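Asker: Here is the input, now give the coordinates:
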Amino acid sequence: MNLDVLRADALACVAAALAAVEPARLLRKSLERRGASLTLRRAPTDAAARHAGPVVVVGAGKAGLAMARAAAEVAGEDCLGGLVIVPHAGAGACPGGVEVATAAHPLPDAAGLAATARLLAAVAAADGRTLVLAVLSGGASSLLVAPAPGLTLADKVAVTARLLESGADIAAVNALRKHCSLVKGGGLVRAARASAVWALVLSDVLGDDPATIASGPTVADPTTFADAAGILARHLPPDAVPPAIRARIESGSAGRVAETPKPGDAAFARANTVVIGGNRDAVDAAAAAAAGRGYETLVVAEPVRGDAVEAARSLVARLRAAPRDRPVAVVAGGETTVKVRPGGRGGRSQQLALAAAVALAGEPAVVLAAGTDGVDGPTDAAGACVDGRTVERALLRGLAPERALDATDSYPLLAATGDLVRTGPTGTNVADVVVALRAAC
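Answerer: Residues are numbered from 1 along each chain as shown. Model (predicted):
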């Protein structure tokens, strides 16, 4: 089995993963129409809620357009319109009179600010006969932007950018975001006057916690201002935090600013949130594809997390330790972190892949790491597929893989070695998938 075959198999495994988390298909498993009524299901035999009457569709995220289209189609003639916010590159039409607005990711922009104001107005205008149907996926934390009183868009952009560069994980970033927002941390439900709010959520976070996905606009927030203060203290020096953000977090910690809505808040009595899919669906599909191609397959039970370089070394160690008399696959999913150095270009999947290339140099093996959304960091790549000769190709071009790793500058090296994977935006988003394959040897 040569490296070209291994690469083709790895790409096929990731294609299977993406097919398994196609947003419209997943949404239709949880939302169905029978006669005049809509039913929301947590499982095929578990009806969480029913509604007959007008429906307004709102939402945001990288999978937002596909989800909104499916929701509007299921709602049919009862759909009164609404608004969904997607990344600038993801514009398109939506049935049912649902407006499609675009905004920036991973840092919010003025377009997102204006679109979120219109979305909140549509939610507030829905009357007591109307269902607000929210579709949410990864990326919504940036696309849904409504600064709390006293804060500006510039404040939120600055603190988010610094936190993302610091290596803080998404749960920490979103806990801070929720305490600086009118829409996150249950804010969308608090703004509603409708008969009910149903949220269908595609998870891009480890553990599929609805309070973290998209910063939890439709669920109670278990985090506090004190938690947000601790996050800032751990990850940023005081002079890196905008004064207005620091003042709000300090005032909230002292009880001078009202907390985000907590479990038991009466607003959530009419709210239902269902997670329709997540990273494990993608991982399981990739593993099934590997097994179908004859690989003895190991699925890593725990999500990969923490530093991307350490995660890569751990995965390669599993691959090396597997029996060598048969083809082997190690499949994992999750979301690592990278503490970006000034000037570094790449993303967490590219950093993981380059570290894997160094660890498996000389092996008859490949490692493909990619974001399921098709976007890895601020680059045009979804990730990278490296092999046992990647380091050799880099050295022949005068490039030093270890130096690139230290500089968090994986993109230029992987571009030079021909190892980048470019899919373009996929329309879904369930964090990252890693497929490591080794031939019998």
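Asker: Show me the strands in the stretch 51-200 of the chain, by range?
Answerer: For the stretch 51-200 of the chain, strands defined by DSSP state E, counting those that start in this stretch occupy the ranges 55-60, 79-87, 98-103, 131-137, 196-202.
Asker: Now render those strands as JSON lines, adding mean pLDDT, mean neighbour count and distance to Asp284.
Answerer: C-beta here means a position set from N, CA and C on the backbone, and glycine is covered the same way. Converted to JSON lines, the strands of the stretch 51-200 of the chain look like this (pLDDT from 0 to 100; neighbours: other CB atoms under 10 Å; distance: least, CB to CB, whole Å):
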{"stretch": "strand 55-60", "mean pLDDT": "98", "mean neighbour count": "30", "distance to Asp284": "26"}
{"stretch": "strand 79-87", "mean pLDDT": "97", "mean neighbour count": "25", "distance to Asp284": "27"}
{"stretch": "strand 98-103", "mean pLDDT": "98", "mean neighbour count": "21", "distance to Asp284": "31"}
{"stretch": "strand 131-137", "mean pLDDT": "98", "mean neighbour count": "30", "distance to Asp284": "19"}
{"stretch": "strand 196-202", "mean pLDDT": "98", "mean neighbour count": "27", "distance to Asp284": "16"}
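Asker: Output those as TSV; include the columns distance to Ala24.
Answerer: Compiled in TSV, those are given as follows (distance: least, CB to CB, whole Å):
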stretch	distance to Ala24
strand 55-60	13
strand 79-87	13
strand 98-103	14
strand 131-137	10
strand 196-202	11
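Asker: Pull up the gap between Ala115 and Pro108, please.
Answerer: Going from Ala115 to Pro108 by CB to CB, to the nearest Å gives 10 Å.
Asker: any residues in contact with both of the two?
Answerer: Taking CB atoms under 8 Å, 6 or more residues apart in numbering as the criterion, Ala115 and Pro108 both touch Leu143.
Asker: Please report phi then psi for Val304.
Answerer: phi -70, psi 140 (degrees, to the nearest 10).
Asker: which residue packs closest to it, ignoring adjacent ones?
Answerer: Excluding its sequence neighbours, the residue lying closest to Val304 (CB to CB, 6 or more residues apart in numbering) is Gly334, at 3.7 Å.
Asker: what kind of secondary structure is the one you found in?
Answerer: Recorded secondary structure, Gly334: strand (DSSP: H, G, I helix; E, B strand; the rest coil).
Asker: Out of the strands of the stretch 51-200 of the chain, the one nearest Val391 is which?
Answerer: Closest to Val391 of the strands of the stretch 51-200 of the chain is strand 79-87 (CB to CB; 34.2 Å).
Asker: Which neighbouring elements make contact with that closest one?
Answerer: Applying 3 or more CB pairs under 8 Å, 6 or more residues apart in numbering; DSSP states H and E, we find strand 79-87 packed against strand 55-60, helix 64-75, strand 98-103, helix 110-125, helix 140-143.
Asker: picking up where we left off before, the residue nearest to Val304 against Leu206, yeah?
Answerer: Yes. Applying CB atoms under 8 Å, one finds Gly334 in contact with Leu206, separated by 5.6 Å.
Asker: Mutual contacts of the two, please.
Answerer: Common neighbours of Gly334 and Leu206 (CB under 8 Å, 6+ apart) are Asn279, Pro303, Arg305, Ala431.
Asker: Bridge partners for the third one, pull those for me.
Answerer: Each beta-bridge partner of Arg305 is listed here, defined by DSSP bridges: Glu335.
Asker: Count the neighbours of it for me.
Answerer: 16 (other CB atoms under 10 Å).
Asker: Tell me which of the strands of the stretch 51-200 of the chain lies nearest to Ala285.
Answerer: strand 196-202 (14.7 Å).
Asker: so what strands line up beside that closest one?
Answerer: strand 131-137 (parallel), strand 271-277 (parallel).
Asker: Next one: Arg33 from Ala72, what distance?
Answerer: For Arg33, the distance to Ala72 equals 12 Å [CB to CB].
Asker: neighbour-wise, which of these two wins?
Answerer: Set Arg33 next to Ala72 and count neighbours by other CB under 10 Å: Ala72 wins out with 23 against 14.
Asker: Adding distance to Ala19, write the strands paired with strand 196-202 out as TSV.
Answerer: Converted to TSV, those look like this (distance: least, CB to CB, whole Å):
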stretch	distance to Ala19
strand 131-137	16
strand 271-277	12
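Asker: And those: which comes nearest Ala381?
Answerer: Nearest of these (CB to CB): strand 131-137, 20.7 Å.
Asker: how many degrees apart are the closest one and helix 110-125 in direction?
Answerer: Calculated by axes from the mean of the first three to the mean of the last three CA atoms, to 10 degrees, strand 131-137 forms an angle of 150 degrees with helix 110-125.
Asker: Would you mind giving the orientation angle of strand 131-137 with respect to helix 64-75?
Answerer: Going by the same axes, to 10 degrees, strand 131-137 makes 150 degrees with helix 64-75.
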